[in-house]
Each structure stands twice: as structure tokens, then as C-alpha cells.
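Colleague: Could you work out the structure for the sequence below:
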Amino acid sequence: MTSAEPPARAAPASRLGLGAAVVVVIVALAVTVGIGILRGATAPVESVTVDATASTTDAESTSLVYIHVSGAVGNPGLYALGDEARVVDAIAVAGGFAADADRSAVNLARPLSDGEQLHVPAVGETTTAAGSGDAVTQGGDGRVNLNTADVAELDTLPRIGAAMAERIIDWRTQNGRFTSVEDLLAVPGIGDKMLESLRDLVTV
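Modeller: Numbering: from 1, shown residues only. Next up, the predicted model:
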């Protein structure tokens, strides 16, 4: 009887050892899984490059002005140019001066305004535009543009001498473009009567 007792006492110890081994395996698995989660959480994320210019190209595009170029140029017609274009740019895109162009009648440095007609006269051509001797400064209706005319061009208007023309340009420089013909009343020396005499001869 005594020889059979030792195996009976060893059985609980075997169960305890097996249970401990299982616990150790579970703990080891838990630690491994935990390490994997931490590594995944701290792993660097691939950077993504966004092409911001693709979505802003249209918004940043240059606004255009449409100019009707006529007269002594290579290819008269309607042209769209950047909003900071000048007479020299319009003549260039229209094929340059024709052989008979009166170049002295053109102010190449003058800024352009949307919707104007830029007429380049031929040598000996007389302008039919009322109130101005420079056909280039006229809009399609023949009026002088207050936002682009220089002193010489403004001086051709009735009751506007060189001094008053300078005041108009000074006002434009300090306050920006004229938004209406009535803005002339803000120029020192121009009253209601003078405005009425100019109303049909100027534009903005």
C-alpha cells in the first residue's frame, strides 16, 4: 500500500506545473501582442503630398481685357490681353505697325481698359473722334477715357487746360480709377457746369 502512495501525491503537483506553464504562455502571448500594438502605434505614417496648385490655378488666373485693335496694324481684330497690358502689347499681338502707320500718334506706354477700341491711324489720316486729337485714346464711342488718358489727351477737352489735366491725373493717382464721370466733381476746380460740358466727351 505504501508503494502506491507517491504517485497519488505527485498528481496535484503535475497539475500545478501544467497550469503554471499555461499561465506563462498566456502572459508571453499577451506581452507579444502588446509589443506589436505599440510598434504599430509608433510606426511612421507615409507622408502624402497634396498638389495645392491644382485647385487654385483657376482662381489665380490673370483677368483679361478685350481690346478691338483697328487701323494701320498687321492684323486688326479683337484681342484678349492681361489686365495690365499697354498699347505696345496690343499692337504687338495685332501684328505690329503697318508700313503706313503714324507711329507718332500712338502712346505706346498707355494702359488699356476693357472694351476699348485702339485705333492706329495711318500717316495723313485725320481723326473723326470729337474732343481729341489722339485716336488711340478713344473708346469705341469716341470718348476720352478718364482712367487712361494722359495730360496731352485730357488737354484736348473743352475747358480743360494742362493744369486741370494734371489735377485729374493727380486725383486718379491718389484715389484710384474713376468709377463714374461724376467723380470729376471731386477734382479741385471742376464744378457742375464744367462736368456737364464734359459729360458726353469722357468715359471711365
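Colleague: Now for this structure, the helix or strand with the poorest mean pLDDT.
Modeller: Across the helices and strands of the chain, mean confidence by mean pLDDT, DSSP states H and E is lowest for helix 52-60: a mean of 38.
Colleague: For the closest residue to Leu64 other than its chain neighbours, list each beta-bridge partner.
Modeller: Leaving aside its sequence neighbours, Leu64 sits nearest to Ala80 (CB to CB, 6 or more residues apart in numbering; 4.6 Å). Every residue, glycine included, has its C-beta placed from N, CA and C. Beta-bridge partners of Ala80, counted by DSSP bridges, are Tyr66.
Colleague: and the host helix or strand of Leu118, what does it pack onto?
Modeller: Per DSSP states H and E, Leu118 falls inside strand 117-120. Packed against strand 117-120, as judged by 3 or more CB pairs under 8 Å, 6 or more residues apart in numbering; DSSP states H and E, are the following elements: strand 64-71, helix 87-93.
Colleague: following it, which helix or strand comes up?
Modeller: Reading on from strand 117-120 to the C-terminus, the next helix or strand found by DSSP H and E is strand 144-145.
Colleague: Tell me which helix or strand comes right after that next one.
Modeller: Next along the chain from strand 144-145, counting by DSSP H and E, comes helix 151-154.
Colleague: which strands and helices sit next to the following helix or strand past that next one?
Modeller: Using DSSP H and E, the helix or strand that follows helix 151-154 in sequence is helix 162-175. Packing partners of helix 162-175 (3+ CB pairs under 8 Å, 6+ apart): helix 151-154.
Colleague: Which strands or helices does the helix it packs on pack on?
Modeller: Helices and strands touching helix 151-154, by 3+ CB pairs under 8 Å, 6+ apart, are helix 162-175.
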